[in-house]
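Novice: Okay, predicted coordinates and the sequence, questions at the end:
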Amino acid sequence: MLEFKQISHLDSVLTNPATRTLRANDLLGRWLNTNRETTGIAECNIERQGERFMISLVGVGSKGPIEWPRVEGKLLANLDEEGGQRAVAVSATFEFSFMKSETYIRLNRGVLVVVFYNTFLDNSSRANYVTREFFSRSA
Amino acid sequence: MEIAQLYDLAEPPVGAELDASALVGEWVNSNADTRSIARLTIFESDGKLLARVFGIGPKGLIDWGEAELEIFSSSPSSSTPSGFTGYYDFGFAETEIKGMIMKGLLVFAQFHRFKDDSQRADYFVREYFSLFHGKF
């Protein structure tokens, strides 16, 4: 008997091996922020190395781009239908000495949606904050 | 001041701590047919923000108990709460919850990771919740 805390824990889709990587390759590539005036993340790159999905981001800086550390994303089956298509989502955590950014990434009708939960670790008294940005595939 | 993006370059909010009252209340899933979470209650206690989540079970709601929430604002200089994160450990699985307020709606994401040997895939759910306000 499987343990559960909600009915979706028992969804038979979750035991289908194909669910773990469903349409995962749709996430791959170079993605550019749809807002050219963003002061946040300009670019998101997702690469596949065997079974690993590597995520790298480029922040907008005052003196040029800021490369974020490259991290491995964790694939998550997605029970949502996005635009009639079910595809995996990815979570990834980026760690700086002064800040941690927990993100989740998903595709919605061809747009890459990234949500950032940023926690400051320094003593700057800046408020931890959440943002969401949209990316379109680079031509 | 270190930054990872220009957006981080901001003056901290002056004086006040984040006012969590905008998050407090009874949040109800917009999807009456959900197989996930029916509702959650967010409340303050002893200076902490807590959630109590109720999952959909085959025989009624399943009380997940309470989880402490971390509050997030809309920017490094804002004292207005715009989201939260929390964590449940059920033994057989662990679940992160992440909420984000968009135009009064709670966009609520769940990240389920199984720790048992059931071979279930870790998965993600994203749903919408509205605050029960009793006005209309």
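Specialist: Right, received. Where do you want to start?
Novice: and the helix or strand harbouring A:Leu32, which strands flank it?
Specialist: Element membership for A:Leu32, per DSSP states H and E: strand A:29-33. Strand A:29-33 has the following strand partners under DSSP bridges: strand A:41-49 (antiparallel), strand A:129-137 (antiparallel).
Novice: Look at the residue lying closest to A:Leu14 once chain neighbours are set aside and tell me its secondary structure.
Specialist: Closest residue to A:Leu14 apart from its sequence neighbours, by Cβ to Cβ, 6 or more residues apart in numbering or on different chains: B:Arg120 at 4.2 Å. Yep, even glycine has a C-beta here, placed from its N, CA and C like the rest. Following DSSP: H, G, I helix; E, B strand; the rest coil, B:Arg120 is assigned to coil.
Novice: ok so, going back, next, format the strands paired with strand A:29-33 as CSV and append mean pLDDT and mean neighbour count.
Specialist: CSV is the format used below for the strands paired with strand A:29-33 (pLDDT from 0 to 100; neighbours: other Cβ atoms under 10 Å in any protein chain shown):
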stretch, mean pLDDT, mean neighbour count
strand A:41-49, 97, 18
strand A:129-137, 97, 19
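Novice: so what pLDDT did the most centrally placed residue in chain B get?
Specialist: Among the residues of chain B, the one closest to the centroid is B:Gly99, at 3.7 Å (Cα atoms, centre = their mean). We have a pLDDT of 98 for B:Gly99.
Novice: quick one: it is in a strand?
Specialist: Yes: assessed with three-state DSSP, B:Gly99 lies in a strand.
Novice: now it: how far from B:Glu70?
Specialist: According to Cβ to Cβ, to the nearest Å, B:Gly99 and B:Glu70 sit 11 Å apart.
Novice: Residues in contact with both of the two, list them for me.
Specialist: Here B:Gly99 and B:Glu70 have B:84-85 as joint contacts, going by Cβ atoms under 8 Å, 6 or more residues apart in numbering or on different chains.
Novice: show me the residues around the closest residue to B:Glu70 other than its chain neighbours that make contact.
Specialist: Spatially, and ignoring its direct neighbours in sequence, B:Glu70 is nearest to B:Thr85 (4.9 Å; Cβ to Cβ, 6+ apart). By Cβ under 8 Å, 6+ apart, B:Thr85 lies in contact with A:102, A:117, B:69-70, B:72, B:96-99.
Novice: Now which of those residues would you call buried?
Specialist: A:102, A:117, B:69, B:72, B:96-99 (16 or more other Cβ atoms under 10 Å in any protein chain shown).
Novice: so where is chain B shaky, pLDDT-wise?
Specialist: B:14-16, B:136 (pLDDT under 70).
Novice: And the strands in it, which stretches?
Specialist: Assigned by DSSP state E, the strands in chain B fall at B:25-29, B:37-45, B:48-57, B:60-68, B:70-73, B:81-89, B:93-102, B:105-114, B:123-131.
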